[in-house]
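1. My questions are about this predicted structure, shown below with the sequence.
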Amino acid sequence: MANKLGRRFLLLILLTASCELDPLVVLLHPDVEQRVEESLALPPPPPLPGADTLRFAAFGDIHIGKPVGCWWQQFSAAIDTLDISLFCVAGDLTEHGTVAEFDSVAALLRQTGINYYVTIGNHDLYRLNSWELYKERFGPACYSLVLTRPGLKLIFLDTGEGRLGARQFEWLKQELARPPARQIIITHFPLYDDQTPSIFRLGSAAERAKLQSLMQRFNVFALISGHIHGFRHYRIGGVNHFTVGTISRALDFGQPGFLLFTCLPDTLYWQFVPLN
Amino acid sequence: MPALFLLLLPALTLSPDLSIAYQGEAGVEARGLFTAGVLAGINPFVSFDAAVSFSLLPHSGLSGAAFRPGLTHPRLPGWKLDLGFQHQQWNDWQSAEDRLFFLLRCRPIRQLTLGLGVCRRLPFFTAGQRRQPLFPEWNLLYHLAWQLLNSNRLTVNAELSNYDRLEIKNPQQLPGAISTAYRFTPDWKIISRCQVGSNGLSTGLLSLTNLKMEIGVRYGK
C-alpha cells in the first residue's frame, strides 16, 4: 500500500516537473474565491492625474526566470519614445512564482519609472506561497482603475487558475454597471483562442458564455489577455478580443511586441507595436 | 419512404426516461433540471437517443435539447458511430450554443468503451428574437468508460468523458463520472449519474468546480 502511494506521488512529481510546478500546489493553491476576497479587501491603486489624451501599453507573459528570456530591454527602449502614461501586464510575470523572480520582476517594472498595473497568471501561483509574494509586491489581482479624464476604466481580473469564480463574476457585474462606460478588461486567460481545438483558454464553456454575454451587454471595448505567446485580434459580438502574450521570447507564433492604446475623450485607437 | 417507415416500425424498441438533476458551477450556474428522453432502437444497426431538458430553478425554461442517431455495422461488432446535435442555453445571460458532433466508439474488451470524436461549437448571443453568432470553434471529444459491475440487476460504470447526453465540456475540464442503473422491476430501472469536472489543465492547477448529479427512471428491457 505504502509502495503504491509512493509510486503515485512519484508519478505526480514527474507529471508536474515538466512545468516546474510545486506538486503540492496542484490541489492546495489558494482558490480564486479566496484570492478575490483578499484582493477586494486590499486598497485599490491610487487614481492617476487626468489628461485629455492617454496612451498606454498592454502585454503579458514576461516569465522572469524562464531561461529563454523576454523582450524587456526592447520594450523599455520603445516606451521611452512613446510618451505613455501607464502600462498593463496580463499575468505570468514570473516563471515559477519564487521570491527571487517576484523581486526581479518588481524591480524591472519599477525601473521604467512609469505607472504599471498587473494581474496574476497561472505561473505566478506555482509555489505554495506565491500568492502571498504577489500580494506583497503588487497588491490586488482583481481591481479596477478609473481614469476620469479622458474617461476610461481598466478592469483587472484574476484568472490565475483558468476560471473566474462566483465572487469575481458578482464583482465584475457591479463594476461594469458603474461609470465610466468605456471599459477594457485585462486578464491572463483568453476567452477565445481561434477555431482549432486547444486548452489554452478559460476552462469552462459556461464561464466563457457568461463573460462574453456581460461584455456585450455593457459594451466593453476590449478584453486583453496573455497566456498564449503570440498576438491575435478578433472582434466578437462587438468586443475586441486581444491576445498579447508577446513579451516572452518563447513565442508560439508571430512577432514580439505590445499593444498601444491612445484614448481621447470620444475615441479609442489601438495598434500592435512590433519589437524586433 | 412511408413503406420504409412501416418496414422499420415493427423493430422499433423504445426506452423512455425521466430524470431530475442538479447542475452547479461556482459563479455561473446552479440550477435544477428536469430531463425527458427516449432511447430508440430502429433495428440492430440504427438507434437514436433524443432528450429535452428544462431548467426548474432559479430561471425556468428550456435548458437544452439533443438528438443523437447511432450507427453500427454488421461487420464491425463493438464499433459504433454517433452523429449528433445538441442545443444548450443560459436564459439569464442571453447566451446559447448549438453543437454538431461525431463520436466513434469501440469496445476492445467487454468492460471497456473508448471513444474519440470532434464537435463543432456554434455559440450565439440571443438579444430578443435575434441570434448573433459568436465564436465558432472545434472541440475534441473523448470518452472512456469502464464497467465496474454488471449483475442481473445492477450495472455501475466509471467514465472519463467530456461528452454527455446534453452537454459537451471543454477537453481540459476532465469530467469524471460514476453512472449506475438498478433494475427494480423487469421493465423499470433507476438510473443515476454523478459527474465532477475541473478547470485548468493548461495551468497545472486543479479546481473541482463542476458538479452534476442526476437521478431518474428508465423503462425498457
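-> On my side now, so go ahead. Worth saying up front: this structure is predicted, and the values here are computed from it rather than measured.

2. Low-confidence stretches in chain A?
-> Applying pLDDT under 70 to chain A picks out residues A:1-20, A:27, A:197.

3. can you pull out the strands in it?
-> Along chain A, counting by DSSP state E, strands occupy A:54-59, A:86-90, A:115-119, A:143-147, A:152-156, A:183-187, A:222-225, A:231-236, A:239-244, A:257-263, A:268-274.

4. In JSON lines, list those along with distance to chain B and mean neighbour count.
-> Where C-beta positions appear, they are placed from N, C-alpha and C, glycine not excepted. What follows is the strands of chain A, written out as JSON lines (distance: least, CB to the nearest CB, whole Å; neighbours: other CB atoms under 10 Å in any protein chain shown):
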{"stretch": "strand A:54-59", "distance to chain B": "19", "mean neighbour count": "23"}
{"stretch": "strand A:86-90", "distance to chain B": "14", "mean neighbour count": "26"}
{"stretch": "strand A:115-119", "distance to chain B": "14", "mean neighbour count": "23"}
{"stretch": "strand A:143-147", "distance to chain B": "18", "mean neighbour count": "20"}
{"stretch": "strand A:152-156", "distance to chain B": "16", "mean neighbour count": "22"}
{"stretch": "strand A:183-187", "distance to chain B": "13", "mean neighbour count": "25"}
{"stretch": "strand A:222-225", "distance to chain B": "12", "mean neighbour count": "26"}
{"stretch": "strand A:231-236", "distance to chain B": "5", "mean neighbour count": "16"}
{"stretch": "strand A:239-244", "distance to chain B": "8", "mean neighbour count": "24"}
{"stretch": "strand A:257-263", "distance to chain B": "20", "mean neighbour count": "23"}
{"stretch": "strand A:268-274", "distance to chain B": "20", "mean neighbour count": "15"}
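
5. Let me have those in CSV, extended by distance to A:Ile199.
-> Formatted as CSV, these follow (distance: least, CB to CB, whole Å):
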stretch, distance to A:Ile199
strand A:54-59, 22
strand A:86-90, 18
strand A:115-119, 20
strand A:143-147, 28
strand A:152-156, 23
strand A:183-187, 17
strand A:222-225, 15
strand A:231-236, 16
strand A:239-244, 14
strand A:257-263, 24
strand A:268-274, 25
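
6. out of those strands, which comes closest to B:Gln89?
-> strand A:231-236 (18.2 Å; CB to CB).

7. Sheet partners, orientation included, of that closest one?
-> Strand A:231-236 has the following strand partners under DSSP bridges: strand A:239-244 (antiparallel).

8. and of the strands of chain A, who's closest to B:Ala96?
-> strand A:231-236 (14.9 Å).

9. Alpha carbons only: can I get the closest one in CSV?
-> Backbone C-alpha positions of strand A:231-236 (Å, rounded to 0.1, in the frame of the first residue of the first chain) are rendered in CSV as follows:
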residue,chain,number,x,y,z
PHE,A,231,-0.6,38.3,-31.0
ARG,A,232,-4.2,37.7,-32.1
HIS,A,233,-7.1,40.0,-32.6
TYR,A,234,-10.8,39.1,-33.1
ARG,A,235,-13.9,41.1,-32.9
ILE,A,236,-16.7,39.0,-31.4
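
10. can you give me the angle it makes with strand A:54-59?
-> Taking axes from the mean of the first three to the mean of the last three CA atoms, to 10 degrees, strand A:231-236 and strand A:54-59 form an angle of 110 degrees between their directions.

11. How far away from the center of its chain is strand A:231-236?
-> In terms of CA atoms, centre = their mean, to the nearest Å, the centre of strand A:231-236 is found 16 Å from the chain centre.

12. Just want the most central residue of the chain.
-> Just going to use chain A. A:Ala90 (2.2 Å; CA atoms, centre = their mean).

13. My question was about chain B, not that one.
-> In chain B, the centroid-proximal residue (CA atoms, centre = their mean) is B:Arg165; its distance is 1.1 Å.

14. Give me the distance between the closest residue to it other than its chain neighbours and chain A.
-> Spatial nearest neighbour of B:Arg165, chain neighbours left out: B:Ala51 (5.4 Å); criterion: CB to CB, 6 or more residues apart in numbering or on different chains. In this view, B:Ala51 and chain A are 18 Å apart by CB to the nearest CB, to the nearest Å.

15. same question, B:Ala177
-> 17 Å.

16. Identify the residues contacting that residue.
-> For B:Ala177, the contact set (CB atoms under 8 Å, 6 or more residues apart in numbering or on different chains) comprises B:158-161, B:164, B:193-196.

17. tell me the pLDDT at it?
-> With respect to pLDDT, B:Ala177 scores 96.

18. Show me what B:Pro39 is bridged to.
-> Heads up, residue B:39 is Leu, not Pro. B:Ser15, B:Asp49.

19. Let me see the contact set for it.
-> B:14-17, B:47-49, B:218, B:220.

20. For the residue of chain A found nearest chain B, grab the count of nearby residues.
-> Residue of chain A nearest chain B, by CB to the nearest CB: A:Gly203 (3.0 Å). By other CB atoms under 10 Å in any protein chain shown, 29 other residues sit near A:Gly203.

21. same check, this time on B:Arg153
-> A count of neighbours around B:Arg153, defined by other CB under 10 Å, yields 9.

22. hang on, it packs against B:Ala181?
-> No: using CB atoms under 8 Å, B:Arg153 is not in contact with B:Ala181; the gap is 9.0 Å.

23. which residues does the residue nearest to the centre of chain A contact?
-> A:58-61, A:119, A:121, A:186-188, A:224-227, A:244-245.

24. quick one: which of these is nearest B:Leu112?
-> A:His227 (35.1 Å).

25. can I assume that closest one is in contact with A:Phe189?
-> Yes: using CB under 8 Å, A:His227 is in contact with A:Phe189, at 5.3 Å.

26. Now the common contact residues for the two.
-> A:122, A:200-201.

27. which one of those has the most neighbours?
-> Result: A:Asn122 is most packed of these (other CB under 10 Å), 24 neighbours.

28. A:Gly65 versus that one, what's the distance?
-> Separation of A:Asn122 from A:Gly65 (CB to CB, to the nearest Å): 14 Å.

29. Quick check: pLDDT value at B:Pro123.
-> pLDDT, B:Pro123: 93.

30. Sorry, slip of the keys, the one I care about is B:Ser19.
-> 97.

31. swap in B:Gly200?
-> So B:Gly200 comes in at 62 (pLDDT).

32. re the thing from before, just the buried subset of the contacts of B:Ala177, please.
-> Neighbour counting with 16 or more other CB atoms under 10 Å in any protein chain shown marks B:159, B:161, B:164, B:193-196 as buried within those.

33. wait, what's in contact with B:Phe101?
-> Contacts of B:Phe101 by CB under 8 Å, 6+ apart are B:82-86, B:117-120, B:141, B:163, B:168.

34. ok, now with 10 Å
-> B:68, B:82-86, B:117-121, B:139, B:141, B:163, B:168 (CB atoms under 10 Å, 6 or more residues apart in numbering or on different chains).

35. Skipping adjacent residues, who's closest to it in space?
-> Using CB to CB, 6+ apart, the nearest residue to B:Phe101 is B:Cys119, at 3.8 Å.
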